[in-house]
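Q: need a structure here:
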Amino acid sequence: MSVSEPRPTRRELSKNLVFQFHRLVFTANATVANYSSELGLHGKDGSALLQIWQAEISGHPLSPSELAKNLHVTRSAVSYLTDRLVDMEYVTRETDPDDRRRTVLRISESGGVHGHSLADPLDEYVGRVFVNRSDTEVENFIEMLTELTDSFAHDHHRKQQQQKILPV
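A: Model prediction:
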């Protein structure tokens with residue numbers, strides 16, 4: 001922005017922020033779709049594989065019910081989806097060591113390799129954007145992104161609870 005240009009108003013900034021967020025979401029969805037296609041996956045299979053992988057990395061593996069909730073599909077749809085991922089040897093089903101009644105989905109060695117095949121380019125893209133940013137700037141960005149994601153998740157959860165309470 002040159003010295004003679006007026007600073008954008010808060011409303012203009014907000015509109016641009018929403019626009020850039022939409023671009024991020026659409027680009028991320030296209031990236032997952034391309035990644036899924038390269039692996040011979042279809043529908044929500046790629047998203048499921050990434051969610052299972054992320055849960056595995058965080059140390060909190062997902063149950064099929066949790067995956068269904070995250071993907072906004074029925075438990076039977078997740079059952080078919082999980083069967084496909086198990087058949088392709090990307091995922092395994094295991095008994096939760098903390099609760100023997102619960103099944104958890106684990107990423108297989110092959111699934112982990114494919115997860116890294118998506119994560120490595122993402123690491124490179126993020127690295128390029130943040131290479132000249134200070135640690136404080138990166139920390140601030142992470143904090144804001146976390147707050148934004150948590151806000152969406154909280155609002156979605158609240159709306160789901162309201163839908164359960166409303167009479168049919």
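
Q: Spell out the residue ranges of the helices in this structure.
A: Counting by DSSP state H, the chain has helices at residues 10-38, 45-58, 64-71, 75-87, 109-130, 135-165.

Q: The ones you listed into a markdown table, with extra columns for mean neighbour count and mean pLDDT?
A: The C-beta positions use only the backbone N, C-alpha and C, and glycine is treated the same way. Rendered in a markdown table, the data for the helices of the chain read as follows (neighbours: other CB atoms under 10 Å; pLDDT from 0 to 100):
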| stretch | mean neighbour count | mean pLDDT |
| --- | --- | --- |
| helix 10-38 | 12 | 90 |
| helix 45-58 | 20 | 89 |
| helix 64-71 | 18 | 94 |
| helix 75-87 | 16 | 94 |
| helix 109-130 | 13 | 84 |
| helix 135-165 | 10 | 81 |
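
Q: Including distance to D96, could the ones you listed go into JSON lines?
A: Formatted as JSON lines, the helices of the chain follow (distance: least, CB to CB, whole Å):
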{"stretch": "helix 10-38", "distance to D96": "27"}
{"stretch": "helix 45-58", "distance to D96": "12"}
{"stretch": "helix 64-71", "distance to D96": "11"}
{"stretch": "helix 75-87", "distance to D96": "15"}
{"stretch": "helix 109-130", "distance to D96": "18"}
{"stretch": "helix 135-165", "distance to D96": "23"}
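
Q: Work out the sheet partners of the lengthiest strand in the chain and label each with its direction, please.
A: The longest strand of the chain (DSSP state E) is strand 99-107. If you go by DSSP bridges, strand 99-107 pairs up with strand 91-96 (antiparallel).

Q: how far is the strand it pairs with from where the chain is centred?
A: Relative to its chain's centre, strand 91-96 lies at 20 Å (CA atoms, centre = their mean, to the nearest Å).

Q: Same question for stretch 91-98.
A: On CA atoms, centre = their mean, the centre of stretch 91-98 falls 21 Å from that of its chain.

Q: For that stretch, the averaged confidence score.
A: The average pLDDT for stretch 91-98 rounds to 93.

Q: Using neighbour counts, pick out the buried residues of that stretch.
A: Residues of stretch 91-98 classed as buried: V91, T92 (neighbour count, 16 or more other CB atoms under 10 Å).

Q: circling back: can you say which of the helices of the chain is nearest to R100?
A: Taking CB to CB, helix 64-71 is the member of those nearest to R100, at 15.7 Å.

Q: For the closest one, name the packing helices and strands.
A: helix 45-58, helix 75-87, strand 99-107 (3 or more CB pairs under 8 Å, 6 or more residues apart in numbering; DSSP states H and E).
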